[in-house]
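Asker: Below are the sequence and a predicted model for it; my questions follow.
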Amino acid sequence: MEDLPVWQVARRKRIVDAAREILATQPYEQVQVRDVASAAGVALGTLYRYFTSKEHLYAVVLLDWAEPTISHRANPDAAPEHRLDTKVRIVIKAFRARPEFFPLYRTLVSSDQPIVAELLQRYSEDGHRFLAEELEVLGDEAAEDIAHMLWAVISHTVAAGAAGDRVVGRLLDIVVPMIKAARLEIEAERLSGA
């Protein structure tokens, strides 16, 4: 992307936007790449210069759609456990608002294309970082472990098509008090050591 001239970046964005719009009106399995090219105002061959396959295109669509959600910054004045709770619920809410991304994610996870696996890995890493930054109070290792666990549960829940499933709520009921207790303990240690 960084090597592309501005006009090609704009063309690529038009293709991604058209693919997203089409996904809102029909299931992924019924989407035809030629229809995406037509909606974007490009030749089919031009689309394939940017994306090697339909799965590649829609992995990019998933990342593009998720980016505003996982770049959300929670209220810096709120306690870390509340910021984390807010972020998890924002991710689930985003999938509830756009349910067509449930089956898309499930399909992409089963792809055997390396580029799709690479893009999904990036999606996972971005989501993990999004959660881990609220867990820093627990120390690096615990923050990493809990962020991975939360993201895995969210991903599984989403892939199962059950965003908002009670599993995520129950997990938050366990994790949020744990983070609060750890934060309070760390703050008490700082005060007593001062």
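Answerer: Thanks, I have it.

Asker: Let me know the helix or strand that the most centrally placed residue in the chain is in.
Answerer: Centroid-nearest residue in the chain: Ala66, 4.6 Å away (criterion: C-alpha atoms, centre = their mean). Per DSSP states H and E: Ala66 is located in helix 54-70.

Asker: contact partners of that helix?
Answerer: With contacts defined as C-beta atoms under 8 Å, 6 or more residues apart in numbering, helix 54-70 is touched by 15-16, 19-20, 23, 28, 31, 33, 36, 47, 50-51, 90-91, 94, 98, 101, 104-105, 107-108, 111, 113, 115-116, 119-120, 122-123, 126-127, 130. To be clear about C-beta, it is placed using only N, CA and C from the backbone, and glycine gets the same treatment.

Asker: Now do that helix, average pLDDT.
Answerer: Average pLDDT, helix 54-70: 95.

Asker: Helix or strand next in line after that helix, which one?
Answerer: Per DSSP H and E, the first helix or strand lying C-terminal to helix 54-70 is helix 80-97.

Asker: circling back: would you mind measuring from the residue nearest to the centre of the chain to Tyr123?
Answerer: 6 Å (C-beta to C-beta, to the nearest Å).

Asker: ok, Asp126 - contacts?
Answerer: Counted by C-beta under 8 Å, 6+ apart, Asp126 has contacts 63, 66-67, 70.

Asker: other SSEs contacting the lowest-mean-pLDDT helix or strand in the chain?
Answerer: Averaged element by element with mean pLDDT, DSSP states H and E, the chain has its least confident helix or strand at helix 166-193 (a mean of 78). When contacts are defined as 3 or more C-beta pairs under 8 Å, 6 or more residues apart in numbering; DSSP states H and E, helix 166-193 sits against helix 80-97, helix 140-159.

Asker: Phe101: neighbour count?
Answerer: 24 (other C-beta atoms under 10 Å).

Asker: pLDDT wise, what is the nearest residue to it once chain neighbours are set aside at?
Answerer: The shortest distance from Phe101 to any non-neighbouring residue, by C-beta to C-beta, 6 or more residues apart in numbering, is to Phe95 (5.9 Å). If you check Phe95, the pLDDT there is 84.

Asker: Low-confidence regions, this structure specifically.
Answerer: 1-2, 159-166, 194 (pLDDT under 70).

Asker: Of all the helices and strands packed on helix 166-193, which one is nearest Gly41?
Answerer: Closest to Gly41 of these, according to C-beta to C-beta: helix 80-97, at 27.4 Å.

Asker: Give the other helices and strands that whatever helix or strand comes next after the closest one contacts.
Answerer: In the C-terminal direction, the helix or strand that comes right after helix 80-97 (DSSP H and E) is helix 101-109. The elements that helix 101-109 packs onto, with contact taken as 3+ C-beta pairs under 8 Å, 6+ apart, are helix 54-70, helix 114-132, helix 140-159.
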